Every structure is written in structure tokens, then in C-alpha cells.
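Participant: Have a look at this fold, sequence not included:
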Ligand SMILES: Cc1ncc(COP(=O)(O)O)c(C=O)c1O
Ligand SMILES: Cc1ncc(COP(=O)(O)O)c(C=O)c1O
């Protein structure tokens, strides 16, 4: 019945949506921000801890939202570990493009890890679900307390 | 060209509209009220002096408005002289019906004097022009300072 | 308030024929529109009335001495008569046109709230209000030292009348503003009892009828209401037009809200005076074409009759409650005795948004989210729900489609 | 913007074909609609867009995850893009939808006027404002100790720029709010110079573009405006929809005006936070169908092009001024250099209402009265005028009909 939805709800998404690996507040963190989608009520808070070299040592989140937003937050947390803020900003841009168009520039491991979310581009009202955690992450890195999905 | 308008703009109306006989403030009066049609800007102030018997000795008005409203005020002033307030109230009701429907109850001299205005009923937006002075007169008799055409 | 005894069976096929949009397919699937509580679809009569206005009889109102303007004014003012009849208002001047319910409530919050209500007084709402009947009162509270009180809602999703009364007893409440039907729970509130209680404690009462008027006959005199608001687009009418009904003497006592053309009596640099009620509350060119559409919508509803509508929707709601409750993992919010055609639910292991997306792929339109009632969501310990809501055109088969599909959604996320 | 050199001749017959209403007869006479400044007629494209929305693609916006709602949201938000392009706004988020110009100005008066403006500051308007750009400022003055200043108008009906500047020199003016084109005199005001003067004296500037946008291309960046408002129904669009454009940073700084659904970020009993600009100014269900109609109206205007429209209307206006001035006893108000397609006049020995009634009997629709500009009437020493105003569909023949009939009206009242 929902065969054509398998593009959106790939196994990896259902799995991360159901059992996020990074779905909790970090015990110690140096950056954090909230993201908020007022139209549907999704909300996420992202936590980041950097290592001495300025790379992200660990990321985590608390979310209230759908499978897409939770899975996106979880895959994001997984992917950004070990990267610099600038690398993350660059990756966020490519991710946003992918969520909107289905196409992502590059074939590096990072974007491949996120590719399961590409299917969201066919569901305009769900694109924000996928991008919300990234908005929050960027706000955290920029030292802003809040982001919104607009 | 305007033949069918002769019902509305009868000679008597054009004449009273142009040269009202009672179109001025009374030197002495015991009742007065303003009437106001905010939608088109018509405005009239009515002045009344009663005699010792309680009958209207004289009525006058100052008006800013169209031929219909000025003629109506003038014919009104002419007609109410010599009548009691109650007679005027009764007449005002019949006049209003006539302005709205074209038909007037009764065939007494007073209503016949006003009948030239019956043609206004075919022009819904002009009915208020004809009734505005009467509203003001009733307000004056009731001791209210202002009336409106609504 | 004719008490009719007719069986009230709707000819649904004929009714559906009046709604061109219901023939649409969504990605190859027949549209199953179960989002009428957000906004109802429009019958031909409404569309035709608007088209007719624009094609053969249009001009600005109240200002022209020419034929088109006179006719358009008649049609616009005719809607005021139609609404007055619909609500059984005492007087047509008690009808003020607004954009929607939200603006109507804001009008009261600004005009009544900032003049008749005095600092130190309180406004009493309930825990099941739509944001539109909550945020304007918060703004009033923050700007004008008016307390905001919230009457509790029971676990069954009904108004806690004892709780309501307690909040009234100190006599400081100046206005009770309560929904007549919850857009989340479907609960209808006992408006007559609320009005009686409010009045007994010296408060005025406003009912948010946005949902209620779609499902039942409203009689503002029988309810003994002071204010009643509704919104055209939920009543099968156009967007852009809503209604505030208020007692004439209240409208007289209230200062205008918006200033501009059509609401004045005279204007000088120093001072303006206001037009008569209701015009003093209708500044600027009103939603003329939309008012004309609303007339047609009212005609449509009246031609079917509220008895038939209510009976139809009661059957649908019973059917929906029975079918949904039978699905494992589905939880319906609220179980009020007196309810209209709105059913909110959650599904274990699946977020409401995901549920909505899966249903949408089968052409089934439901709404998911907080339904502009965040505090109520918290009251029930959920972030969001899915909501199916019904109109005159909704069928049993559509509810079956929802239930059948929902069972598959559950498997998908199992 | 694009400087075009094309001759700008309109195919009037083809344009008239787009307006079904123009084929109407009034009491057996062909309709001659010369009341476009009050409200313009609607082209097929607008009617069709609204019908199409209601028949095949309708739901509430911003709230649904289903197909209908997504498509409707796209169409509604698409109008924001269309308006942003039309005004050459920097950013689509600078476009706020309102009911009409009147509500847009009231929004600024409430939100900007009661927060950014400080008691003791002044608002500067002109002597030729429509009540909608006067009464809201009077209400602000009376409620919040804001002074109201009025820039004079010359005998020619132009803004007295020296007088305007004098009123700015003490630096207390916080906002200059001026019409971009008078609905009575047709005068277009020198908006760029006004903006430059205002800014030089530390004031913000709002233009009431209700009339101007119908006749000329508006570029808010080139004007260096801070606020610009217009109303859909005069721009060949539906009633019920208007626009406030404001600089993004101003909208950010302004508190919301109306509270309710769709304008919040989060709501708790204690506190609500607001959605992003522009949504924080759009409370409740917006005029969705009307916004879609407005898009079509903008498309219609752009397909003709402002150069062609302006050229057409300039010719019509010249013709009307020539013909009317040639009639003995007719007096035209104002003789501004820079003017649009609006001509107000009086006729000796005949009141404007009587003139309008006689013209109406010949199918000619003009407006008579104070045109919601009472103070301007007093400035010119008249109670009321008759006003003929032109649209893209107006022909030379229609103006001839007006002039010929007017000559007969004069005889009638001679
Ligand atoms: C110059 C001007 N400003 C404001 C308005 C008010 O427009 P609306 O009634 O659509 O708000 C009008 C038209 O009535 C106008 O001509
Ligand atoms: C109970 C209730 N109140 C108020 C509203 C607000 O209606 P509108 O958005 O048309 O102003 C709604 C619908 O959204 C509602 O369901």
C-alpha cells in the first residue's frame, strides 16, 4: 500500500527515527540551540561539545517530532562528529539543497551518510522536518540560542 | 434625455431645491437638531418654534445637500407649520413609508403637499436624502440634539 | 427553533455533487477530505454567487449613488440580514463583519477589553481554547493589567464546570470567553449554563462558535450570549469573511477598533465622530464579494437544515469513534458526551506527522499537529495528534477508508 | 527599472473582453463605469483563479501536511512572491497581507505607532489624505500623546513641499504618512523627495499607494520608502485582501498587532512567542482565495505593463480634462502637473448627488460625495464633488458620453 513511500521512509530512517543513537542531552557541552517549527509543533534542541582542536567531539539532541526529524537529527549527530564548524556549515548547505531538490553535490562519505533523507524533497511540507535539526545546529555553532525553520 | 427622471425631479422639487423658502435659521426657536448622512456628506439642521398652544408656529433649516434633501426640508417646514408634535410624528411615519414604497396612507392636504417626493422610492440611495430632514425634525421634537439617517 | 421530527437523512450523493472539488484525485487516488474543521470545501452556490457578483454586479458599497453600487450594497447588507436570521439576533445592527473569528475576538479584546474592562478585572477562558481565543487575551493581560484565568478541562475532555464556577466566585471576572466546540476534542460546551453562571457573577460572555456553528443551530438569544463569533470559511463560505455578533448596547458602548473610511460620521482635523453601529466597526472597503459568498453559504446550510446536518454528523462521528477505537494502538483524545464531528487521535510508535503523510499518499487528508491549541496538547500529555473532521459531504465509506488505511499505517511503523 | 520605449497603445477592445461586467446594461443603457477609483472591475483571470482554487485546490494553509493544503499554501505564498516582485521589495518576508489599505495603515498605527513612536513625537500627514490615512493617526494621537501635523496642499492641489519641510524641521516627526496619489484630485505626490526629506529629518515614511499602484510602477527601493500599503480591489483584484510592505528590520522591531492562530511560535499559559516575520502579523486563517485572486490581478496588470497603462490613462485624463473644462459651469478640482486618472468636479446650480443620479440614469457610474476626504473638501470650499475615474478598460467614447451627458445635466438644472 505504501510502496512509493519507501523512498521517504527508508529502513535507516525508520530505524533512526525509532531508536536514535544520539537522542539525549550531552553531559557536558559548549554549544546548544533550539529549533522550532511553529506550524506543526516540531521542536529540537541540539548540544555540541568540541575537542581542543576545535573539532566537534560529540553531538546530541532532544527532539519532539516525527520520524523524519528525529532520524535527521540522529544522522546529523552521527555525521558531524570529528568535523570542524566550517566543514559542518558547508555540509549543512549541501544537505539543505538535497532536502529541497533531491540532488546533493559531492559523493563524500558525509553526504552519503545523509542521502537516505533525499526522498523528503518530494514532500514539500516535510522538508522542514529534515532541515530543522541542521538549523538548530548552525544556530548553536553561531552562538545563537534559537533557530527557526523558516 | 432625462424624461424618466421627471418623476423624481418634478418642477416643485427643482424649484424648492433651488430656492427654499424656509432655508434659514430661525431668529428664535425652542427646538433644534442636526441630521447627518455620513455616507454622502449631507447635513441638515432643523429649527422649530412652537406657539403657546403647543403647535409649531414656524420651522426652518440650514442644509448642505442635494436638491432632494433641500426640497424635502423645505416642503417639510411648510407642511408642519400649524401642527402639533403628535400630528407631525404621525405624518413623518407616513412620509417615510411613501419615500420607501411610493405609496402614502391618506389623502389629506399634508401628505398631498409632500407627494412630489414619492418618486424617490425608485432611487434607493436617495431615499435617505428625502427622509434626513424628517429624522432631524423628530430628533428636535424629542429633545435630542442629533439624528442620523440610518 | 422549529422542532422538527423529520428523519433527517441526507442525500449525500446530491450534496457531494454540489462540491466540485470532491471529484479531484490526489496522485491517482480519490480525494478523501477529512480536514473540514480546518476549512470546509465550497459548494457551487457559493462559487456561483461570487462569480455572479464579479461578472454582473460589482462596485464598492455604501458610497455610490449609481446602480451597481446600490445593488452591491443591497447584497452586502443582505448578508447582514442573513447572518442575523442565522443567529436569531434581535437586530441586524448587531452583526459586524470581520476577516475571520480571530479578528472578531481581537476586536473584542481591543475595544471591549481596553475600555469596558478595567485594570484589575479578569478574563476567564478554558483549557481547550484555540490560540485565537487565547493569545488576544494574553496580549490584553500584558498590556492592560487584566488577569487571565483558565478553567480546567476534565480527563474526558469536558469543561470542568465546578472549576469554572470557582474561578468566578470572587466577582472579578469581567468576561468569560469560551469555545462553543473544541476544534481538537470535538467537545461541545454547555453554553447556556456557562452564560447563566457568568451573568450570575457579573461577567459578560463570549462564545467562539468557529466550530459549533458548522454543526448546530445557534440562537444567541436562547444562549443568552453577549458576544458570539464565527468564521465564514469553515461554514462552507469563502475565506476573508467572519462575523462578530454582540448585543447592540455593548457595541454602542465600545469605541471603534480600526479607523478609516466608512466608519466615520464626520471628520475634521481636530476630531472625528463615528458612524452608527455596526458601521463604526467596519473601517475601509469590506470583503464585499466574500460577504456575498457567505450569504450563499448560509443559504446552502439552511437548505439542508441543521437537524439533518447534526444527525448526519452524529452518525459519522459514532462510526468513526467505533472504527478507530477498534484499531490497536490508536488512542482517541476526549470522550465528551456532547460532541461534534471532530476526532483527534494518536497512534503508538508513529508520530502524527508521519501518519498524516502516509494517509495523504492514499488521498486521505487529515490534519496533524497541535491544532493551534498547544496548552490543550500539554493538558493531555501529547505533542501533537492526527485529526479527522467531517462535513456535510463526508461519507461512512470515507471513514472506513481512514480506518482501513490507519490499520496499515500501524503495520508500517510496527 | 526597465525603461521601455514601446508606443504603449492598448488593445482596448481585447482588454474590455476580459471584463464580463462591462457588457452589462443598466436600465437599457450600456454601462459606462467611471468609478474605478472606488473599486475596479475584475478581469476573467481573477475570477477564474478564484474559481479554480475553490473547485480543485482548496484547503487551509500552513497547517496541513496533505496535498491540498500544500498546494494551497504554495499558491498563497506565491502571491507573496508576486507582490514582492511587483513592489521590487528586497525580501518576500517584507510582504504582510491585510484586508485592505485601511487595515494595513491601522496595523502600522497600532504596532509601530504604539511601540517605536514615543509619546511627544509627531506623525505628519497631508491635507489630501483619505480618511483611512487620517483617522488611524487621530486615534493614535488621542490614545498615545502623539502629535498630528498636517502638511498643506496648494490651490493647484499639489503637496506644499515647503510647508511639509517646515513641519519637519524641529525633528519631532517620527513618521511621515502621505498618499502617493490623491483619490480626489488625482495628484501624484513626489514620493522620492518626500522620503528624502523625511529621512533627512530622522522620520520614517509611509506611502498610501491605494491609488498610485493602479496607475504606475512602484519600486519601494527606488522610492526609499519605509512602509507602502495598497488594496487589492482597486488593482483589479478581489475584495478582502490588501498589502502592507515594510522594511524587514521595521517588521522585526514591531510587536504583533492581532493575536491568534498561525502567528505564534509557541504558546503556554504564561507566555507566547511570535512566529517569524511576516507570519507574526497574519493572525488566523488569511484571505486565501483572495490572495490567489490577487496574484492573478498582478499577472493581468503585468501582462499589460505599467508603461502602456500609464500612457493610456494619461491620454484619457487629458481628454477628460479638456472635455469637462469646455462645459460651462463645470469646475475641475486641482490642476496638478503629475496626476493619474481621477477627475473631480462640481457643476454650478446642481449638487453632486443630483448630477450622479442623472448620469446613472444614462448608465454612467460616477461617484459623488466627500470621497472619504472631508478635510480636503473643506480645503477647497466644497461639500462634495462628482468624480470620474478611469481604469485600463476605460475608453475615449466613455469620456465623451460623460461630457455630452453632463452638458444635458447642466441644462436640466439650469
Ligand atoms: C487614497 C486612498 N487611501 C486609502 C483607501 C482605502 O482603501 P480600502 O478601503 O480598500 O482600505 C482608498 C480607497 O478607498 C484611497 O483611495
Ligand atoms: C475553535 C476555533 N476558534 C477559532 C478558530 C480561528 O478561526 P480563523 O482562523 O478563521 O480566525 C478556529 C479555526 O482555526 C477554531 O477551530
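Facilitator: Perfect, I can see it now. Treat the numbers as computed from the prediction; the structure is a model and nothing was measured. Ligands and ions are numbered 1, 2, ... in the order given.
Participant: okay, now the residue nearest to residue C:126 when sequence neighbours are not counted: neighbour count?
Facilitator: By the measure of Cβ to Cβ, 6 or more residues apart in numbering or on different chains, the closest residue to residue C:126 outside its immediate chain neighbours is residue C:151, 4.5 Å from it. Backbone N, C-alpha and C define where each C-beta goes, glycine included. Summarising burial for residue C:151: neighbours were counted as other Cβ atoms under 10 Å in any protein chain shown, giving 24.
Participant: residues in contact with residue C:151?
Facilitator: When contacts are counted by Cβ atoms under 8 Å, 6 or more residues apart in numbering or on different chains, residue C:151 touches C:124-127, C:159-160, C:163-164, C:167, C:178.
Participant: Any figure for the gap between it and residue C:121?
Facilitator: Per Cβ to Cβ, to the nearest Å, residue C:151 is found 16 Å from residue C:121.
Participant: in what helix or strand does the closest residue to residue C:326 other than its chain neighbours lie?
Facilitator: Computed as Cβ to Cβ, 6+ apart, the closest residue to residue C:326 that is not its neighbour in sequence is residue C:403, at 7.6 Å. With elements delineated by DSSP states H and E, residue C:403 resides in helix C:396-412, which encompasses its position.
Participant: pLDDT on that helix, on average?
Facilitator: Averaging pLDDT along helix C:396-412 yields 97.
Participant: which residues sit against that helix?
Facilitator: The set of residues that contact helix C:396-412 without belonging to it, under Cβ under 8 Å, 6+ apart, is A:1-2, A:5, A:9, C:32-34, C:315-316, C:319-320, C:323-324, C:326-330, C:347-350, C:355, C:358-359, C:362, C:364, C:366, C:388, C:390.
Participant: From these, which land in helices?
Facilitator: C:315-316, C:319-320, C:323-324, C:355, C:358-359 (DSSP state H).
Participant: how near is residue A:76 to residue A:64?
Facilitator: Using Cβ to Cβ, we find residue A:76 at a distance of 16 Å from residue A:64.
Participant: of those two, who's got more company?
Facilitator: residue A:76 (28 against 15).
Participant: what does the model give the more buried one for pLDDT?
Facilitator: For residue A:76, pLDDT reads 97.
Participant: Whichever strand or helix holds it vs chain D: in contact?
Facilitator: Applying DSSP H and E as the criterion places residue A:76 in helix A:67-80. No - with Cβ under 8 Å from any Cβ of the partner chain as the measure, helix A:67-80 is seen stopping short of chain D, the closest distance being 10.9 Å.
Participant: same for that helix, what does it pack against?
Facilitator: Of the remaining helices and strands, those touching helix A:67-80 by 3 or more Cβ pairs under 8 Å, 6 or more residues apart in numbering or on different chains; DSSP states H and E are helix A:11-18, strand A:42-50, strand A:56-64, helix A:85-101, helix A:109-114, helix A:124-141, helix C:352-361.
Participant: Compile the ones you listed into TSV and extend it with columns for distance to chain B and mean pLDDT.
Facilitator: Compiled in TSV, those are given as follows (distance: least, Cβ to the nearest Cβ, whole Å; pLDDT from 0 to 100):
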stretch	distance to chain B	mean pLDDT
helix A:11-18	61	93
strand A:42-50	50	94
strand A:56-64	54	96
helix A:85-101	52	96
helix A:109-114	64	94
helix A:124-141	46	93
helix C:352-361	49	94
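Participant: Can you tell me which of these is nearest to residue D:251?
Facilitator: Among these, the nearest to residue D:251 by Cβ to Cβ is helix A:124-141 (20.4 Å).
Participant: got the buried residues for the closest one?
Facilitator: The neighbour-count check on helix A:124-141 (16 or more other Cβ atoms under 10 Å in any protein chain shown) flags A:125-141 as buried.
Participant: Over to stretch C:328-340?
Facilitator: Neighbour-count burial for stretch C:328-340 flags C:329-330, C:332-336, C:339-340 (criterion: 16+ other Cβ under 10 Å).
Participant: of those residues, closest to ligand 1?
Facilitator: The shortest separation between ligand 1 and any of the buried residues of stretch C:328-340 is 35.8 Å, and it belongs to residue C:340 (by Cβ to the nearest ligand atom).
Participant: and that closest one, what does it touch?
Facilitator: The neighbours of residue C:340, taking Cβ under 8 Å, 6+ apart as the test, are C:181, C:186, C:188, C:211-212, C:214-216, C:313, C:317.
Participant: Report how many residues lie close to the closest residue to chain A within the stretch 151-300 of chain C.
Facilitator: In the stretch 151-300 of chain C, the residue that lies nearest chain A is residue C:184 (12.5 Å; Cβ to the nearest Cβ). Here the number of neighbours of residue C:184 (other Cβ under 10 Å) works out to 28.
Participant: quick one: secondary structure of it?
Facilitator: Secondary structure assignment for residue C:184 (DSSP: H, G, I helix; E, B strand; the rest coil): coil.
Participant: Can you tell me how far it is from ligand 1?
Facilitator: As judged by Cβ to the nearest ligand atom, to the nearest Å, residue C:184 and ligand 1 stand 35 Å apart.
Participant: related to what we said a few turns ago, quick one: the helices and strands packed on helix A:67-80 as CSV, columns for distance to ligand 2 too.
Facilitator: Output for the helices and strands packed on helix A:67-80, formatted as CSV (distance: least, Cβ to the nearest ligand atom, whole Å):
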stretch, distance to ligand 2
helix A:11-18, 29
strand A:42-50, 20
strand A:56-64, 22
helix A:85-101, 29
helix A:109-114, 36
helix A:124-141, 18
helix C:352-361, 17
